[in-house]
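Colleague: Next input, structure requested:
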Amino acid sequence: HTGVWQKFELWHGARKVDRNCLKLPFLASLLERHANAPSGSPIMLDAPGRVYLSLMLPGTHVLPHSGPSNHRLRLHLPLIMPSDER
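Modeller: Below is the predicted model of the structure:
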């Protein structure tokens, strides 16, 4: 990629990243509930067990790519700030 792309990991390697989850308690509680779902869904506890938020600044360009598997849910939520808020 080109530009600025930063990641804020909440889960990595099927383990919670405590120092980051403390900064986003509501989102962390949703993830924790899912990880401990009565259905026994191991989605958060099996590899890759990864959740992160990305920050991409304007002008960042990411080439089409794929990972080693297709068992991912990727959600893109662009946040556009009005120019007078920057």
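Colleague: and the closest residue to residue 2 other than its chain neighbours, how many neighbours?
Modeller: Of all residues not flanking residue 2 in the chain, residue 61 sits nearest, at 5.0 Å (Cβ to Cβ, 6 or more residues apart in numbering). Where you see a C-beta, it was placed from the backbone N, CA and C, and this is true even at glycine. Neighbours of residue 61 under the rule other Cβ atoms under 10 Å: 9.
Colleague: Residue 61 contacts residue 3, doesn't it?
Modeller: Yes. With contact defined as Cβ atoms under 8 Å, residue 61 counts as touching residue 3 (6.1 Å).
Colleague: Flag the shaky bits of this protein, pLDDT-wise.
Modeller: Scanning the chain for pLDDT under 70 picks out the ranges 37-48, 67, 69-73, 75-76, 78, 80-86.
Colleague: Show me the longest helix that occurs in it.
Modeller: Counting residues, the longest helix found in the chain (DSSP state H) is helix 25-35.
Colleague: C-alpha coordinates for that one, PDB please?
Modeller: Only the C-alpha atoms of helix 25-35 are listed here, as PDB (Å, rounded to 0.1, in the frame of the first residue of the first chain):
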ATOM      1  CA  PRO A  25     -15.100  -1.000  26.500                       C
ATOM      2  CA  PHE A  26     -18.400  -1.200  24.600                       C
ATOM      3  CA  LEU A  27     -16.900  -2.800  21.500                       C
ATOM      4  CA  ALA A  28     -14.700  -5.100  23.600                       C
ATOM      5  CA  SER A  29     -17.800  -6.300  25.500                       C
ATOM      6  CA  LEU A  30     -19.600  -7.100  22.300                       C
ATOM      7  CA  LEU A  31     -16.600  -9.100  21.100                       C
ATOM      8  CA  GLU A  32     -16.200 -10.900  24.400                       C
ATOM      9  CA  ARG A  33     -19.900 -11.800  24.400                       C
ATOM     10  CA  HIS A  34     -19.500 -13.300  20.900                       C
ATOM     11  CA  ALA A  35     -16.300 -15.200  21.900                       C
END
